Structure formats: C-alpha cells, structure tokens
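Undergrad: structure, please.
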Amino acid sequence: MILVLRALGVGDLATAVPALRGLRAGFPDRELVLAAPGWLAPLAELVGGIDRVLPTDGPDRLPWPGPPPELAVNLHGRGPQSHRALAATRPGRLLAFANAEAGHADGPAWDDDEHEVHRWCRLLHRYGVPADPADLTLRRPSAAEVPAGATVVHPGSKINAKRWPAERFAAVGRELTRRGHRVVLTGSADERDLAARVAHDAGLPPEAVLAGRTDLAELAALVAGARLVVSGDTGVAHLATGYGTASVVLFGTVSPARWGPPPDRPRHRVIDATSRVGHGMDWSGVDGVGTAATLAAVPVHEVLAAVDDAEQAVQVSGAVAA
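TA: Okay, the predicted model is just below:
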C-alpha cells in the first residue's frame, strides 16, 4: 500500500495530479491512499487512480489506523513536520525532499523557485518513478445541474492579499454581460456576501450568485463546461487549467512561474502583477480589505484585454482542431 500526503486545498491537489498519476502508473497493483481533507474527495475522484481518501486536515493530524505502508510519499511540503508525520506510520520507505531537521537525507534538494507541478514530478524522478508534468487534465464530472457555457467570475480567495478589488471584478462582470456573456459568481459559503456585492454592482440578478451554492463536484462541472474563468490565483484557476477552459488569472503575491498555468497552453492568460509594486510580495494590504498592492495596480481594461486574447486563442485552437 502507498500512502500519499497532500493535505491542502483545491489548487494544491490539482498541481499534484501528474505526480499522483505517476505513482499510479509506477505501482499499478498497490492500493493508493491519499491523505487529504475529506471535502476534497470529489476532486480526488476526478484525478483518477486514487483508491481512497484518508480525511486529513494537516500533517499534525494524520490519522493513520493501519499497518505500516509499504511506501509513504510526501507531496505536502519540504518538512520537517510532514516528514515526521509520515515517518510515524513506519513506512517501508519514505519518498521526500531532503530535510536534515527531520533526519531525512535520502532525497533531492528543495527549490523555492520551482513550479509546483514540476517540483513533485522531480521528486518522483529522483526515486525512479516517471511523472509527466503535462498530465494535468482532470476527468469530466458526471452530469450536474449547473449552467453550461457560463463565464465564471471568482472574486474571492482564502488569502485576502490574492483578491483583486471587488469593484473591479464588478466592472469586468458588467462589461462581459454587455458583450453577451452569461456571468455567474462563484466562491465558498464564506464568500457569498462578497459575490453578492460584486453581482449587485455589476447589475447581475441574485440567481447569478452561485457562491456557497455549489459543492466541489458541481464547481468542477461548472468550470468544465464554462466559456471562460476570471479569477485570482486560487483553486478555480487550477480547475480551468485541468479542463482546458479559457481563463484569465491575476497574480499579485506569488509568481505565476511557480503556480501559473503551463505557458504552452494557449487558452490561459496570466496577469503577473508581482513586480509592479516593490518586490511583489506585499501581504500587508493597502486598501482596507487586504488586497496586495501589486493587484491594486491592475486596471480593469488590462483584464478585459486578456479576456479578448483568451477568447481569440479559443477560436484559433478550435479552427486548428477542425
């Protein structure tokens, strides 16, 4: 049995897809158990090849009830806490980045500037397990009662510094509606008020607010069938990458070189604001609600121009496919 730790969020799991598939292909006859938050189980199902999810809210709460796994794989972080949590399960072997504090020298060195997808593929390669960083495509969810062909505007993020100002999301939603897009607002239950405010300021009806009204499987179905996604650097952007849905993603705290969609995928447009103010890592907030100074420097017209580019790329790629 193989135990894999990735007890993080939607985007984190989506970026680990190639590594998880590499493990599945490398050990086809072993049970593959993913230690991750239980609410991510629907997304784990769309990754494919994962036999079961062990509900885990973090490396300090890894509830391993079984016998020692044959192999434990740390796709969670650099350690030492995550290394120690997996070592406590007494695995036959631990695959992880080298970490002297955790007493683990058998692994490659951590690189802070490495793209998250490539990071975990490189880890597996070091241990002789091939993984293709381009293998990001998610399975399409079964039919769900969500709008097809909608434009998804996602104004929220768990990290306030990653939020573009709400009034600018509203301006984008208003203009896209004028152009004929069916705009819907997504987010968590905690972000419902934010989405409702954006919808109101954009002149959208209350039913356009889907924040807090979709579970993870429904959100995935919505993005899979969407016309376009506009968001900050958060989980829904990674779903757009996984489904090849045209997207515009704003980065203001972390470089897209570390977390952005692959540059060879033409349907995605990245607005990299990280170098516009200071050194691009201002998490302190400048507008009273925690938006990074870098994102506050991004104007509405730049996002709308990126939308035009992304939609043009869809038309070109569709013409080539035809």
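
Undergrad: switch to C-alpha atoms for all contacts and neighbour counts from now on
TA: Will do.

Undergrad: now do the strands in this structure.
TA: 2-5, 32-36, 52-55, 71-74, 94-95, 151-154, 183-185, 228-232, 247-251, 268-272 (DSSP state E).

Undergrad: in CSV, list these along with mean pLDDT and distance to L176.
TA: Listed next are these as CSV, based on pLDDT from 0 to 100; distance: least, CA to CA, whole Å:
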stretch, mean pLDDT, distance to L176
strand 2-5, 98, 40
strand 32-36, 98, 36
strand 52-55, 96, 39
strand 71-74, 98, 42
strand 94-95, 98, 47
strand 151-154, 98, 8
strand 183-185, 98, 7
strand 228-232, 97, 10
strand 247-251, 97, 13
strand 268-272, 95, 16
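
Undergrad: reformat these as CSV; add mean neighbour count.
TA: As requested, these are exported to CSV (neighbours: other CA atoms under 10 Å):
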stretch, mean neighbour count
strand 2-5, 24
strand 32-36, 23
strand 52-55, 19
strand 71-74, 23
strand 94-95, 22
strand 151-154, 26
strand 183-185, 27
strand 228-232, 26
strand 247-251, 29
strand 268-272, 22
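
Undergrad: distance to E167 for those strands - can I get that in a markdown table?
TA: As requested, those are arranged in a markdown table below (distance: least, CA to CA, whole Å):
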| stretch | distance to E167 |
| --- | --- |
| strand 2-5 | 38 |
| strand 32-36 | 35 |
| strand 52-55 | 37 |
| strand 71-74 | 40 |
| strand 94-95 | 46 |
| strand 151-154 | 13 |
| strand 183-185 | 13 |
| strand 228-232 | 14 |
| strand 247-251 | 15 |
| strand 268-272 | 18 |
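
Undergrad: ranges for the helices of the stretch 101-250 of the chain?
TA: Listed in chain order, the helices of the stretch 101-250 of the chain (DSSP state H, counting those that start in this stretch) span residues 116-126, 166-178, 192-202, 216-224, 235-243.

Undergrad: deepest of those, which one?
TA: Among those, helix 235-243 has the highest mean neighbour count (mean count of other CA atoms under 10 Å), at a mean of 25.

Undergrad: what's the angle from that one to helix 216-224?
TA: 60 degrees (axes from the mean of the first three to the mean of the last three CA atoms, to 10 degrees).

Undergrad: so which elements touch helix 235-243?
TA: On a contact count with 3 or more CA pairs under 8 Å, 6 or more residues apart in numbering; DSSP states H and E, helix 235-243 meets helix 10-15, helix 216-224, strand 228-232, strand 247-251.

Undergrad: tell me the domain ranges of the protein?
TA: 2-126, 151-321 (automatic domain parsing).

Undergrad: among those domains, which is nearest A144?
TA: domain 151-321 (6.1 Å; CA to CA).

Undergrad: quick one: that closest one to chain centroid distance?
TA: Mean-position distance between domain 151-321 and its chain equals 12 Å (CA atoms, centre = their mean, to the nearest Å).

Undergrad: quick one: average pLDDT of the longest helix seen in the chain?
TA: Criterion DSSP state H: the longest helix present in the chain is helix 300-321. Helix 300-321 shows a mean pLDDT of 84.
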